[in-house]
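Enquirer: Provided below are the primary sequence and the corresponding predicted coordinates.
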Amino acid sequence: MYARIARFEGGSEIFQHEAERLRRDIDATKAGSGDPSMAALSRVVERVLMLADRETGKATTIVFCETKEKLLEADRLLDAMSPQGEGRRTAVERYEVIADESPSAAIKAA
């Protein structure tokens with residue numbers, strides 16, 4: 001598994017709007033009526049996690065892909081997109097996920 005981490009600045013209202021837009025776009029893609037770029041992204045991305053610090057107006061989006069090749073394709077597609085409004089991307093990093101554990105699930109299963 002691989003992860004692309006993008007950091008943004010621009011205010012909590014903008015990030016809330018982006019999260020809502022992401023949900024609408026994913027729902028539209030599932031229904032077969034989505035934007036072609038979202039459809040292409042859905043073929044390479046397994047999961048999207050959006051984090052926001054409303055006090056500082058900063059956000060982080062983590063995109064998970066099964067392979068490095070899919071991560072590079074997601075990176076290309078996401079680079080062509082940008083937040084709407086005043087938000088701006090400040091950094092992008094790519095990582096291999098070397099651990100993804102749920103300690104509480106292990107305790108509940110015991």
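Expert: Ah, there it is.

Enquirer: So for stretch 67-86, mean pLDDT?
Expert: For stretch 67-86, mean pLDDT rounds to 83.

Enquirer: So which bits of it are buried?
Expert: 70-71, 73-75, 77-78, 83 (16 or more other C-beta atoms under 10 Å). Quick note: C-beta positions are derived from backbone N, CA and C, even for glycine.

Enquirer: And stretch 44-61, by the same measure?
Expert: Buried residues in stretch 44-61, defined by neighbour count with 16+ other C-beta under 10 Å: 44-45, 48, 50, 52, 57-61.

Enquirer: same deal with stretch 91-104?
Expert: Going by neighbour count (16+ other C-beta under 10 Å), the buried part of stretch 91-104 is residue 94.

Enquirer: Any chance you could list what contacts it?
Expert: For stretch 91-104, the surrounding residues in contact (C-beta atoms under 8 Å, 6 or more residues apart in numbering) are 1-7, 64, 68, 71, 75, 79.

Enquirer: Which is the succeeding secondary structure element to the helix ranked longest in the chain?
Expert: Secondary structure assigned by DSSP state H gives helix 12-30 as the longest helix of the chain. Sequence order places helix 36-42 as the next helix or strand after helix 12-30, per DSSP states H and E.

Enquirer: quick one: average confidence on that following helix?
Expert: Rounded mean pLDDT across helix 36-42 is 80.

Enquirer: And the next helix or strand after that helix, what does it pack against?
Expert: The element immediately downstream of helix 36-42 (helix or strand, assigned by DSSP H and E) is strand 47-53. Applying 3 or more C-beta pairs under 8 Å, 6 or more residues apart in numbering; DSSP states H and E, one finds that strand 47-53 makes contact with helix 12-30, strand 58-65.

Enquirer: Just give me the lowest mean pLDDT stretch among these.
Expert: Note on these: lowest mean pLDDT is at helix 12-30, with a mean of 75.

Enquirer: between it and strand 58-65, how many degrees?
Expert: Put simply, helix 12-30 runs at 20 degrees to strand 58-65, going by axes from the mean of the first three to the mean of the last three C-alpha atoms, to 10 degrees.
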